[in-house]
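Visitor: Mind looking at a prediction? Sequence and model below.
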Amino acid sequence: MGNPLLDDAIMSGLVLAHGPMDLAPLPAFETLLRSIVSQQISTRAAETIVGRLGERMELVPAAIARAHQRRLQAAGLSRAKARYVRELARFALDGGLEGLDALDDQGVVERLTSVCGIGVWTAEMFLIFALNRPDVWPIGDGGIQRAARTLYRVRAPRALMRLGERFQPWRTHAAWYLWRSLEAQ
């Protein structure tokens, strides 16, 4: 059995065009903070907001938990996202981020989605960017949906799931290459 990424003509072209996947693990709290900020907004807008937050305070649980709602909103967070990042900070201070690397993917998703403001998409981004899990297929991600539509003519969620199955056990890598394909657009 070969590499499922290289066995697919479209994906092997992306591998050739973009080279080896380069994902260094990111710190747990920062990954989740950035993911919450990024929900339903552009990457550029999220980076701007995170930059403003970083100018106002250290991006660590204690500082975020202490921050007043208005201070967080002044950086560009919505009222709901300000509440969510404070919930995340309290969760982290209570030890909720400890031991996640020892859990299986479903266990990580279950623990993280117990925090207000963290859904499956955010938990999947954590699995990919903080824990570097190799077989995460984030079908709820708009970028994955757009790239699959463009490259594979896949539209329906069930078809997107089937597309991911062909890349097991390296679906994170396939997702990374699909994201890279959007950079040229």
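Guide: Cool, the structure landed.

Visitor: So for the chain, the centremost residue is which one?
Guide: Geometric centre of the chain, nearest residue: M125, 2.1 Å, by Cα atoms, centre = their mean.

Visitor: Any regions of this structure where pLDDT drops low?
Guide: For the chain, the stretches with pLDDT under 70 are 1, 184-185.

Visitor: picking that back up, tell me which helix or strand the residue nearest to the centre of the chain sits in.
Guide: Here M125 sits within helix 120-129, counting by DSSP states H and E.

Visitor: just checking, next helix/strand downstream of that helix?
Guide: Counting by DSSP H and E, the next helix or strand C-terminal to helix 120-129 is helix 142-152.

Visitor: Dihedrals phi and psi, R66?
Guide: Here the main-chain torsion angles of R66 (degrees, to the nearest 10) amount to phi -80, psi -20.

Visitor: where's it relative to L33, distance?
Guide: According to Cβ to Cβ, to the nearest Å, R66 stands 15 Å off from L33. Just so you know, the C-beta spots here come from the backbone N, C-alpha and C atoms, and that holds for glycine as well.

Visitor: So for those two, which sits in the more crowded spot?
Guide: L33 (22 against 11; other Cβ atoms under 10 Å).

Visitor: element containing the more buried one?
Guide: With DSSP H and E as the criterion, L33 is inside helix 28-38.

Visitor: Any buried residues in the helix holding M125, and which?
Guide: Burial within helix 120-129, assessed by neighbour count using 16 or more other Cβ atoms under 10 Å, is assigned to W121, T122, A123, E124, M125, F126, L127, I128, F129.

Visitor: Export those as a markdown table, with columns for distance to R70.
Guide: Below are the buried residues of helix 120-129 laid out as a markdown table (distance: Cβ to Cβ, whole Å):
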| residue | distance to R70 |
| --- | --- |
| W121 | 27 |
| T122 | 24 |
| A123 | 29 |
| E124 | 31 |
| M125 | 27 |
| F126 | 28 |
| L127 | 33 |
| I128 | 33 |
| F129 | 29 |
